[in-house]
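Peer 1: My questions concern the predicted model and sequence given below.
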Amino acid sequence: MKAIPAWALFALGSAFFAGLTALFGKLGVANIPSNFATFIRTLIVSGSLVLLMP
């Protein structure tokens, strides 16, 4: 079985986190200021990244 190249893993990770950012952007941020919503999304995506890193 052939290993997946590192660049492909980074590309998949980037696409995954971009999707998470878009998803969190749509959920429950309609009634708060945009800067605060961006901060919350950044915290959530950063927390997800920390959990996924070995």
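Peer 2: Cool, got the structure.
Peer 1: now stretch 5-15, how far from the chain's geometric center?
Peer 2: Here the centre of stretch 5-15 is set off from its chain's centre by 13 Å, with CA atoms, centre = their mean, to the nearest Å.
Peer 1: Ignoring the adjacent residues along the chain, who's closest to the residue most central in space within the chain?
Peer 2: In the chain, the residue lying closest to the centroid (CA atoms, centre = their mean) is Phe17, at 2.8 Å. Distance criterion CB to CB, 6 or more residues apart in numbering; nearest residue to Phe17, sequence neighbours excluded, is Val45 at 5.5 Å. (Glycine included, C-beta is placed from N, CA and C.)
Peer 1: Just the mean pLDDT for the host helix or strand of that neighbour, thanks.
Peer 2: Per DSSP states H and E, Val45 falls inside helix 34-52. In this model, helix 34-52 has an average pLDDT of 82.
Peer 1: which strands and helices sit next to it?
Peer 2: Counting contacts by 3 or more CB pairs under 8 Å, 6 or more residues apart in numbering; DSSP states H and E, helix 34-52 packs against helix 6-26.
Peer 1: okay, the helix it packs on in PDB with CA atoms only?
Peer 2: Output in PDB follows, covering the C-alpha atoms of helix 6-26 (Å, rounded to 0.1, in the frame of the first residue of the first chain):
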ATOM      1  CA  ALA A   6       2.500  15.000   3.000                       C
ATOM      2  CA  TRP A   7       1.200  17.700   0.600                       C
ATOM      3  CA  ALA A   8      -2.000  15.700   0.100                       C
ATOM      4  CA  LEU A   9      -2.600  15.400   3.900                       C
ATOM      5  CA  PHE A  10      -2.000  19.200   4.300                       C
ATOM      6  CA  ALA A  11      -4.400  19.900   1.400                       C
ATOM      7  CA  LEU A  12      -7.100  17.600   3.000                       C
ATOM      8  CA  GLY A  13      -6.600  19.200   6.400                       C
ATOM      9  CA  SER A  14      -6.900  22.700   4.900                       C
ATOM     10  CA  ALA A  15     -10.100  21.800   3.100                       C
ATOM     11  CA  PHE A  16     -11.500  20.200   6.300                       C
ATOM     12  CA  PHE A  17     -10.800  23.300   8.400                       C
ATOM     13  CA  ALA A  18     -12.100  25.600   5.700                       C
ATOM     14  CA  GLY A  19     -15.300  23.600   5.800                       C
ATOM     15  CA  LEU A  20     -15.500  23.800   9.600                       C
ATOM     16  CA  THR A  21     -14.900  27.600   9.400                       C
ATOM     17  CA  ALA A  22     -17.800  28.000   6.900                       C
ATOM     18  CA  LEU A  23     -20.000  25.700   9.000                       C
ATOM     19  CA  PHE A  24     -19.400  27.600  12.200                       C
ATOM     20  CA  GLY A  25     -19.900  30.800  10.300                       C
ATOM     21  CA  LYS A  26     -23.400  29.800   9.400                       C
END
